[in-house]
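Asks: Structural data only, the sequence is not supplied:
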Ligand SMILES: C=CC1=C(C)c2cc3[nH]c(cc4nc(cc5[nH]c(cc1n2)c(C)c5CCC(=O)O)C(CCC(=O)O)=C4C)c(C)c3C=C
Ligand SMILES: [Fe+2]
Ligand SMILES: [Fe+2]
């Protein structure tokens, strides 16, 4: 692939995919799983969502006895109204951006994979991952390939999707795509979206790759997330022929008081502005779909911060969302995984 549609390309897939398990089910289904997001930009809906998310022991490892009183007594009451306002500022006609883009991406995958059923699910909230597995099982599907929408593996994201799927699989045969941080099709899709942005807007003085952060403690304990983020950036820099001074890697969205992966995106932007850099392009290759962390934190909050620190323009490059190049890359990844699975099944029968 040498050319890709701009990441902002209009959706080619219908808004409403035929997203129930088909009545005459194919043998195999692909379940595309994303994090989850509130049902409405209201404090009550945000509280429900954050409550489920932040009581997952894969995400917060503090013992329940200490964590739950703090979470339910302090964090949720204080955070939910504040975060709900942020969601309200980016809400789309069909719902939260993460929900809309994930749904559209699954719909764009279906015609590319006509031999299987493609459905989407969320790890937290609706449509719930476990309910989707039950639907597929009831429809007579035998094998489910789970595709968590996280290019880089972390126990806090891919790990919790995989663990929940494995203990709720019932009679289903299950495979999970663990990561695709350096998958050539995916790298070329992201690189293509950056090239398209440069073509439309010109090139800023620097390109900043911003990834969601993670507690340093988890990395020290062996989570491969940081290494995979670095590998993604190295592959993208190669694809775009970037020199070492053209780009930076940083981590955003710190949560809580402990040390998180660094350098932090906000500090990096302040540093760039302080050293006289006037324009910066920011891309977030850890996010398959635009969401609060990209549309609000980067494109609004960090753009204001960069400006206040003396920068002229932070130009945000959208996630791949349902761009044809994204759907093509993920469909190819799925096809390879299914071929390997067929091979194993054939050998063992
Ligand atoms: C892309 C990878 C992600 C990793 C790794 C990750 C780890 C992680 N996140 C939190 C806490 C929060 N994350 C929040 C939002 C959020 N996180 C991701 C992705 C990763 N998180 C996405 C895609 C989103 C956006 C969801 C949306 O609806 O748009 C939030 C909620 C927003 C807020 O309150 O600020 C929290 C909280 C932790 C603690 C963590 C690892 C330990
Ligand atoms: Fe997060
Ligand atoms: Fe955030």
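Replies: Cool, the structure landed. Just so we're clear, the structure is a prediction, and the values are computed from it rather than from any experiment. Numbering: from 1, shown residues only. Ligands and ions are numbered 1, 2, ... in the order given.

Asks: Just the strands from the chain, written as ranges.
Replies: 28-34, 117-122, 143-148, 173-176, 206-212, 247-252, 279-283, 313-317 (DSSP state E).

Asks: Out of the ones you listed, flag the one nearest ligand 3.
Replies: In terms of C-beta to the ion, the element of these nearest to ligand 3 is strand 247-252, at 7.1 Å. Bear in mind the C-beta positions are built from the backbone N, C-alpha and C, glycine included.

Asks: which residues touch that closest one?
Replies: 206-214, 229-230, 233, 237, 260-268, 272, 284, 293, 297-298, 302 (C-beta atoms under 8 Å, 6 or more residues apart in numbering).

Asks: Selection in PyMOL covering whichever of the residues you listed are buried, please.
Replies: Entered in PyMOL, the line below selects the buried ones among the contacts of strand 247-252, by 16 or more other C-beta atoms under 10 Å:
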select buried, resi 206+207+208+209+210+211+212+213+214+229+233+237+260+261+264+265+266+268+272+284+293+297+298+302
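
Asks: Take the contacts of strand 247-252 and keep only those in helices.
Replies: Secondary structure assignment by DSSP state H places 229-230, 233, 237, 265-268, 272 of the contacts of strand 247-252 in helices.

Asks: right, so of the strands of the chain, which gets closest to ligand 1?
Replies: strand 206-212 (3.7 Å; C-beta to the nearest ligand atom).

Asks: mind listing the helices in the stretch 1-150 of the chain by residue range?
Replies: Counting by DSSP state H, counting those that start in this stretch, the stretch 1-150 of the chain has these helices, from start to end: 43-54, 64-70, 76-90, 97-109, 129-139.

Asks: would you turn the ones in helices among the contacts of strand 247-252 into JSON lines with distance to ligand 3 and pLDDT?
Replies: Formatted as JSON lines, the ones in helices among the contacts of strand 247-252 follow (distance: C-beta to the ion, whole Å; pLDDT from 0 to 100):
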{"residue": "229", "distance to ligand 3": "17", "pLDDT": "98"}
{"residue": "230", "distance to ligand 3": "22", "pLDDT": "98"}
{"residue": "233", "distance to ligand 3": "21", "pLDDT": "99"}
{"residue": "237", "distance to ligand 3": "26", "pLDDT": "98"}
{"residue": "265", "distance to ligand 3": "10", "pLDDT": "98"}
{"residue": "266", "distance to ligand 3": "11", "pLDDT": "98"}
{"residue": "267", "distance to ligand 3": "15", "pLDDT": "98"}
{"residue": "268", "distance to ligand 3": "16", "pLDDT": "98"}
{"residue": "272", "distance to ligand 3": "20", "pLDDT": "98"}
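
Asks: which two from these end up farthest apart in space?
Replies: Using C-beta to C-beta, the ones in helices among the contacts of strand 247-252 span at most 22.3 Å, a distance reached by 237 and 266.

Asks: Give me the spatial nearest neighbour of residue 201, chain neighbours excluded.
Replies: Of all residues not flanking residue 201 in the chain, residue 315 sits nearest, at 5.9 Å (C-beta to C-beta, 6 or more residues apart in numbering).

Asks: re earlier: of all the ones in helices among the contacts of strand 247-252, which comes closest to ligand 1?
Replies: Set against ligand 1, the nearest of these by C-beta to the nearest ligand atom is residue 229 (9.3 Å).

Asks: these two touch, right, that closest one and residue 286?
Replies: Yes - Residue 229 is within contact range of residue 286, at 6.5 Å (criterion: C-beta atoms under 8 Å).

Asks: Report the closest residue of the chain relative to ligand 3.
Replies: Taking C-beta to the ion, the chain has residue 253 as its residue nearest ligand 3, at 4.1 Å.
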